[in-house]
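Engineer: the following comprises the amino acid sequence and a computationally predicted model.
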Amino acid sequence: MRKNTKVNAAILIIGNEILSGRTQDTNTSTLATWLNSLGVKINEVRVVPDEEKKIIETLNILRKENNYVFTTGGIGPTHDDITAASVSKAFGLKYEINKEAFKILEAYYKPGEFNEGRQKMVWMPQNAKLILNPTSGAPGFYVENVFCLPGVPSILKSMIGGLKNKILGGEPILSHTISLRTVESEIANSLSKVQDANKDVEIGSYPFFHAGKLGVSIVLRSEDKSKIDICNSQILDFIKAKKIQIVDR
């Protein structure tokens, strides 16, 4: 069933703190690595402010163009946490208290601590399904193909494992890296020829600076190991002809 299936996703990062530079986004890397292992390719990543209109517009585009959308941020207890309300409006659903989430958080907090601010975290789109949170109690949620996760990296990381059975991916996306002591201009033409001859393999070149010297890492990505192997062989051929040194990183 999974064979030759192309499954894609988008990531929507919500939060003024990301756009201002106050907070560094690491959730994209976490989600992309995890989704790639399930055979889901990331089509695009967008960052939007805590503005309802912008969240709704972007979400409605992404959910129609991708098999899955993952949002991060904006589901906490403060005034600027508006993701759940925005998702409700994007789907045309009632915004209401999720009874299951209420029970979870009521049991999680000590008597008297589950105050009005914290109760904001149980307001979700009608009939949303929960994404359980083993770290801080407050669950995320999903509606159809949109999965809403918190922005705190350690909490997000602890929650995605519980979603594995909810995501139907294609073949896992494999990668192979060749690191060279060279500069991009020296290999650009040769690499273009290899890419033209191997349309089913995604080839990227990434400069690095290591031990005081410049280098380039070539990354090959495909669902098919045999195609990566062919591509790798062609690259090694031109590397040998150009007498370029392969390095360990």
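Structural biologist: All right, it came through fine.

Engineer: check which residues of the helix or strand where Phe102 lies are buried.
Structural biologist: Taking DSSP states H and E as the definition, Phe102 sits inside helix 99-108. Of all the residues in helix 99-108, those buried under the rule 16 or more other C-beta atoms under 10 Å are 101, 104-105. Just so you know, the C-beta spots here come from the backbone N, C-alpha and C atoms, and that holds for glycine as well.

Engineer: so what touches that helix?
Structural biologist: 114, 118-119, 121-122, 124, 130, 132, 137-139, 141 (C-beta atoms under 8 Å, 6 or more residues apart in numbering).

Engineer: what about that helix, distance to the chain center?
Structural biologist: Offset of helix 99-108 from its chain centre (C-alpha atoms, centre = their mean, to the nearest Å): 28 Å.

Engineer: show residues contacting the helix or strand following that helix.
Structural biologist: For helix 99-108, the following helix or strand on the C-terminal side (DSSP H and E) is helix 116-119. Here helix 116-119 makes contact (C-beta under 8 Å, 6+ apart) with 77-78, 97, 102, 105, 109, 138.

Engineer: how far off centre is stretch 55-65?
Structural biologist: With C-alpha atoms, centre = their mean as the basis, the mean position of stretch 55-65 lies at 16 Å from the chain mean.

Engineer: same question but for stretch 36-54, I mixed them up
Structural biologist: For stretch 36-54 - counting by C-alpha atoms, centre = their mean - the centre lies 7 Å from the chain centre.

Engineer: restrict it to CA atoms and write it as PDB.
Structural biologist: Presented in PDB, the C-alpha positions along stretch 36-54 are these (Å, rounded to 0.1, in the frame of the first residue of the first chain):
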ATOM      1  CA  ASN A  36      11.100  12.000   6.400                       C
ATOM      2  CA  SER A  37      11.600   8.800   8.400                       C
ATOM      3  CA  LEU A  38       7.900   8.000   7.900                       C
ATOM      4  CA  GLY A  39       8.100   8.700   4.200                       C
ATOM      5  CA  VAL A  40       6.500  12.200   4.300                       C
ATOM      6  CA  LYS A  41       8.300  14.900   2.300                       C
ATOM      7  CA  ILE A  42       8.200  18.500   3.500                       C
ATOM      8  CA  ASN A  43       6.900  20.700   0.700                       C
ATOM      9  CA  GLU A  44       7.200  24.000   2.400                       C
ATOM     10  CA  VAL A  45       7.600  25.800   5.700                       C
ATOM     11  CA  ARG A  46       5.900  29.100   6.500                       C
ATOM     12  CA  VAL A  47       6.200  31.400   9.500                       C
ATOM     13  CA  VAL A  48       3.300  33.700  10.300                       C
ATOM     14  CA  PRO A  49       2.600  36.200  13.200                       C
ATOM     15  CA  ASP A  50       0.000  35.800  15.900                       C
ATOM     16  CA  GLU A  51      -2.700  37.300  13.700                       C
ATOM     17  CA  GLU A  52      -5.900  35.400  13.200                       C
ATOM     18  CA  LYS A  53      -6.500  36.500   9.600                       C
ATOM     19  CA  LYS A  54      -3.000  35.500   8.500                       C
END
